[in-house]
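# sequence below, structure please.
(chains A and B)
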2 protein chains.
Amino acid sequence: MQPHALTAAEAASLIRDRRLSAEELTRSCLDRIAAREALIRAWLFLDPDLALRRAREADKRQAAGLPLGPLHGLPLGVKDVIDTADMPTTQNSAIYAGAQIGRDAACVAVARAAGALILGKTDTVEFAAGGRKALTRNPFNPAHTPGGSSSGSGAAVGDFMVPLGFGTQTAGSHIRPASFNNLYALKPSWSLVSREGLRMSAISLDTLGWFGRSVADLALVAAAFRLPGLGAHGLGAHGLGAGPAPGVRSLRVGLCRSPVWERIEPAGAAALETAARRLEAAGAIVEPLELPAPFAGLTAARDVIARHEGSAAFLPEYLAAHALLAPDIRARVELRETFDAAGLLAAYALADACRPAFDALFGPRLDVVLTPAAPGEAPEGLHTTGDWIFNGMWTLLHVPCLAIPCIRGPRGLPVGIQLVGPRLGDARLLAIAEACAPVIDAEPGWARATLLS
Amino acid sequence: MQPHALTAAEAASLIRDRRLSAEELTRSCLDRIAAREALIRAWLFLDPDLALRRAREADKRQAAGLPLGPLHGLPLGVKDVIDTADMPTTQNSAIYAGAQIGRDAACVAVARAAGALILGKTDTVEFAAGGRKALTRNPFNPAHTPGGSSSGSGAAVGDFMVPLGFGTQTAGSHIRPASFNNLYALKPSWSLVSREGLRMSAISLDTLGWFGRSVADLALVAAAFRLPGLGAHGLGAHGLGAGPAPGVRSLRVGLCRSPVWERIEPAGAAALETAARRLEAAGAIVEPLELPAPFAGLTAARDVIARHEGSAAFLPEYLAAHALLAPDIRARVELRETFDAAGLLAAYALADACRPAFDALFGPRLDVVLTPAAPGEAPEGLHTTGDWIFNGMWTLLHVPCLAIPCIRGPRGLPVGIQLVGPRLGDARLLAIAEACAPVIDAEPGWARATLLS
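Coordinates of the predicted model:
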């Protein structure tokens, strides 16, 4: 197998054992990009020479016997709304074309300190908020969207160009592209990972996330961020800090069709039912989970919060570069003229009430929630990035969400599901997902066979 | 009167009437700084030539008949935890000595778009969080602290070096220095003003604020940020959008000694009682306000949230520059090893419960809350920045807080109070403060007479 086709955890293990060098892995990723980028358009910035130099530095570090972080030698794609000291950060906005920000975002600094190699910047919806779409295409069918706004990172990891990617989610910008690109993804609990240096769109919603090709990949990155309860190398040799790893047998799974089930498509419904059936067949106890009535208001509350907080976030560009700002983002700022303080406070209050109510569902009767990651397959066309309707409420709840690939839909495109845990229960969610993933993702070789044949 | 001694609103009015130029005002500020900076040490970066060039550009803009923003021609000091594209942003950390960030923070971009002239960067506690203190001294007695962490901005505006300054508050870093430096200050409602590009320390607490020398000054900046309900030029000719301006007569004032009253000093108690007595004498209805019992837990909850969110915020520096990070900030990151998820969620839940309960106090029976801005006068020595005990709970409540000077304490140092309103009620709080300020701040000429004699 070509190195670029490995999962991050597989590559990390080979590098540690000196059976693969960071340079070889990086070169393999660059070769894949060279072969596919004209079609996929995942990258806004890529400097192969810089990437190879960094990779050789990583190899020298290892050769010198220096301590190695959990992401040592692993290339990482960074969504271009996230600052990098050594590469431009354009936010896919004409206002910031070529902008050089002389400091890494917190997540980039942590990833580098953990040994990751920042391979380049990936395409995104303008400010991850609206306006310009990414030019990126879905690796499984270039006539379809890879999802958004984390379009480039999703497609790059999905197309085996890079083993890991950073995305962000304010509504459904991270978990939805994971589903569309056959990926594993974690959106951790809000506040658990610093989002400094990641473009602010709505302060109480924006959350960093990461893509990989296995739960172990996600856990490696989680270890770099020192998510509470994880060992120093994620779920690997060091294991979870919090007791024995859960298994699928007797796992209590809440099957949550969610308050927006009427927006599901046949392929999304099939993915959810398939995942449930597979878990049951493996011994899990899957029971329908009906959320309390107030949860039906969360999607609308999220929208109110996103628009009102956005009226503060985009004021600078509105004032300083009005003509270069997308009309729908301008409209968000103009909301300040009819600012609905009572409506915003009501939206905050609903979220404040639902968050602990959701957390309280977990315990002896519920281990994890299984719910759609997207309505169905990736839609056709690049004029859309698909619908975040099955993601928004979870973002507002601040809970950890973990995407797992599941089936192929009628058009041959992947459809995943997501597992959701209580706030700050990220480490346990990773452990549960590690147990569930081989059951839910029953044909793991499919994407490699399809894209790398 | 020298131009540097004017309030921002006075200077703005003279500039608009072409009786003062931005260059004259800037030159006057620079002269004041030249005379006093060796003693006060407010500035970490100042480029007089750059400042004068910007001022001349502003004058040319006016001469050309171009539209002028509400802050046109007004020099502004920026706390050095806030990014500026054209000046270093060091965060008073050895890690970021000389760091050039190629993009303005949102608040700086908004201020520039509104016509403000960024005069320089002001000293701060390291990351506005801990570790290194500012070198800044109190203008009224250089043996005393100006407060912190917004030390430099507080002292610079207090010493008549610059009419306006940006500070930040995570516990009491903005309102406390206002009290210590005889200033007016607004900490707006959380989420109403973008804090992007302002060093993150605790995501759900950090709030931008601004200093001035009158309520009209604060309203000018509020207008630049388009705070909902304000006219285009704050409280000036265009007035408030939301009905008739309130007067002091019949104003319902809740005198809140706060759940931490045992920490008050005689001078702080005298300021609160003096403000209450003056308001009553002017016709206000001042009645004691006892907060519900759960509010007593807010100060401890704020501390739990600040430490746990800080464990994410400072992870990058902890990993990448361990030796250069202050030990107390390192300790905050090490909290990740004993992360108390239940304690953090309980702290969030308490805040979530108290916020709407506080908002609900307002209405026909209560217009505004009067409460201490600091325990008393600024303490002696630069090893301390004073105590934020009378500020932390309001920061956690996300409510707007407005500081007003009130008395001089036994050591001759100023002591202010703060007015507090419900969340998102910033415009009305400004209008109430406009009415109350001449009553509470009964000797407004004192500081000028003392410092500029």
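# A:Leu382: how many residues sit nearby?
20 (other CB atoms under 10 Å in any protein chain shown). C-beta coordinates here come from the backbone N, C-alpha and C atoms, glycine included.
# and it, what is it in contact with?
A:133-137, A:145 (CB atoms under 8 Å, 6 or more residues apart in numbering or on different chains).
# just say helix, strand or coil for the closest residue to A:Leu164 other than its chain neighbours.
What sits nearest to A:Leu164 in space, not counting adjacent residues and going by CB to CB, 6 or more residues apart in numbering or on different chains, is A:Leu76, at 4.5 Å. What DSSP: H, G, I helix; E, B strand; the rest coil gives for A:Leu76 is strand.
# what sits against A:Leu76?
A:Leu76 is in contact with A:111, A:116-119, A:162-166, counting by CB under 8 Å, 6+ apart.
# between those residues, which is closest to A:Gln418?
A:Gly165 (17.1 Å; CB to CB).
# for that closest one, helix, strand, or coil?
Put simply, A:Gly165 is strand when judged by three-state DSSP.
# quickly find the element holding the closest residue to it other than its chain neighbours.
Among residues not flanking A:Gly165 along the chain, A:Ser153 sits closest, at 3.3 Å (CB to CB, 6+ apart). Under the criterion of DSSP states H and E, A:Ser153 resides in helix A:151-158.
# do A:Ala111 as well
Using DSSP H and E, the element containing A:Ala111 is helix A:106-113.
# who are the packing partners of the next helix or strand after that helix?
Using DSSP H and E, the helix or strand that follows helix A:106-113 in sequence is strand A:117-122. Using 3 or more CB pairs under 8 Å, 6 or more residues apart in numbering or on different chains; DSSP states H and E, the elements in contact with strand A:117-122 are helix A:22-40, strand A:43-46, helix A:48-63, strand A:75-79, helix A:106-113, helix A:151-158.
# hmm, A:Ala433 is touching A:Leu419, no?
Yes. A:Ala433 lies in contact with A:Leu419 (CB atoms under 8 Å); the separation is 5.4 Å.
# can you tell me if stretch A:388-405 touches chain B.
No. Using CB under 8 Å from any CB of the partner chain, stretch A:388-405 stays clear of chain B, with a minimum separation of 8.9 Å.
# how far does that stretch sit from the chain's center?
Distance of stretch A:388-405 from the chain centroid (CA atoms, centre = their mean, to the nearest Å) equals 10 Å.
# gap between the two ends of that stretch?
End-to-end distance for stretch A:388-405, by CA to CA, to the nearest Å: 17 Å.
# what is in contact with A:Ala433 and A:Leu419 at once?
Residues touching both A:Ala433 and A:Leu419 (CB under 8 Å, 6+ apart): A:402, A:404.
# the helix or strand encompassing A:Ile417 pairs with which strands, and in what direction?
According to DSSP H and E, A:Ile417 maps onto strand A:414-420. Note on strand A:414-420: by DSSP bridges, its sheet partners are strand A:368-372 (antiparallel), strand A:401-408 (antiparallel).
# can you list the residues that contact the first one?
In this case it means strand A:368-372. So strand A:368-372 is contacted by A:251-258, A:264, A:268, A:271-272, A:275-276, A:279, A:286, A:289, A:361, A:390, A:394, A:417-421, A:429, A:432, A:436 (CB under 8 Å, 6+ apart).
# what subset of those is buried?
Neighbour counting with 16 or more other CB atoms under 10 Å in any protein chain shown marks A:251-258, A:264, A:268, A:271-272, A:275-276, A:279, A:286, A:289, A:390, A:394, A:417-421, A:429, A:432, A:436 as buried within those.
# deepest-packed of the helices and strands packed on strand A:117-122, please.
Among the helices and strands packed on strand A:117-122, the stretch with the highest mean neighbour count (mean count of other CB atoms under 10 Å in any protein chain shown) is helix A:151-158, at a mean of 35.
# elements contacting that one?
So helix A:151-158, by 3+ CB pairs under 8 Å, 6+ apart, packs with helix A:22-40, strand A:43-46, strand A:75-79, strand A:117-122, strand A:164-169, helix A:175-180, strand A:207-212.
# relative to A:Ala293, which of the ones you listed is closest?
Judged by CB to CB, the one of those that comes nearest to A:Ala293 is helix A:175-180, at 24.4 Å.
# now do the closest one: distance to the chain's middle.
Using CA atoms, centre = their mean, the offset of helix A:175-180 from its chain centre is 8 Å.
# just checking, next helix/strand downstream of it?
strand A:184-187.
# that following strand packs against which elements?
Strand A:184-187 packs on helix A:175-180, strand A:207-212, helix A:215-224, strand A:401-408, helix A:426-440, going by 3+ CB pairs under 8 Å, 6+ apart.
# that one pairs with which strands?
Strand A:184-187 has its sheet partners listed here by DSSP bridges as strand A:207-212 (antiparallel), strand A:401-408 (antiparallel).
# how about the nearest residue to A:Gly152 once chain neighbours are set aside, what does it touch?
Leaving out its chain neighbours, the residue that sits closest to A:Gly152 by CB to CB, 6+ apart is A:Thr122, at 2.8 Å. Contact analysis of A:Thr122 by CB under 8 Å, 6+ apart lists A:42-44, A:77-80, A:136, A:150-153, A:155-156, A:165.
# over to A:Ala378?
By CB under 8 Å, 6+ apart, the contact list for A:Ala378 reads A:138, A:140-141, A:144-147, A:180, A:386, A:413.
# that one falls within a helix, correct?
No. Looking at A:Ala378 with three-state DSSP, it is coil, so not inside a helix.
# looking at the contacts of strand A:368-372, which are in strands?
A:252-255, A:286, A:417-420 (DSSP state E).
# that older thread, can you redo the contacts of A:Leu76 as JSON lines, where the extra columns are pLDDT?
As requested, those are exported to JSON lines (pLDDT from 0 to 100):
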{"residue": "A:Ala111", "pLDDT": "98"}
{"residue": "A:Ala116", "pLDDT": "98"}
{"residue": "A:Leu117", "pLDDT": "98"}
{"residue": "A:Ile118", "pLDDT": "98"}
{"residue": "A:Leu119", "pLDDT": "98"}
{"residue": "A:Val162", "pLDDT": "98"}
{"residue": "A:Pro163", "pLDDT": "98"}
{"residue": "A:Leu164", "pLDDT": "99"}
{"residue": "A:Gly165", "pLDDT": "98"}
{"residue": "A:Phe166", "pLDDT": "98"}
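# roughly how far apart are A:Tyr96 and A:Ala347?
As for A:Tyr96, its distance to A:Ala347 is 30 Å (criterion: CB to CB, to the nearest Å).
# ok, now A:Gly416?
Distance from A:Gly416 to A:Ala347, counting by CB to CB: 29 Å.
# so for the two, which sits in the more crowded spot?
A:Gly416 (29 against 24).
# nearest spatial neighbour of the more buried one, chain-adjacent residues omitted?
Nearest residue to A:Gly416 in three dimensions, chain neighbours excluded: A:Ser179, at 3.8 Å (CB to CB, 6+ apart).
# show me the contacts for the one you found.
Shown in contact with A:Ser179 (CB under 8 Å, 6+ apart): A:147, A:373-374, A:403, A:405, A:414-418.
# same question for A:Ile118.
When contacts are counted by CB under 8 Å, 6+ apart, A:Ile118 touches A:54, A:76, A:78, A:84, A:86-87, A:108, A:111-112.
# got a pLDDT number for the closest residue to A:Ile417 other than its chain neighbours?
Leaving aside its sequence neighbours, A:Ile417 sits nearest to A:Ala275 (CB to CB, 6+ apart; 4.6 Å). Turning to A:Ala275, the model gives it a pLDDT of 98.
# wait, isn't A:Ala275 in contact with A:Asp441?
No. Using CB under 8 Å as the test, A:Ala275 is too far from A:Asp441 to be in contact (9.1 Å).
# common neighbours of those two, please.
With CB under 8 Å, 6+ apart, A:Ala275 and A:Asp441 have common neighbours A:404, A:406.
# cool, thanks, talk later.
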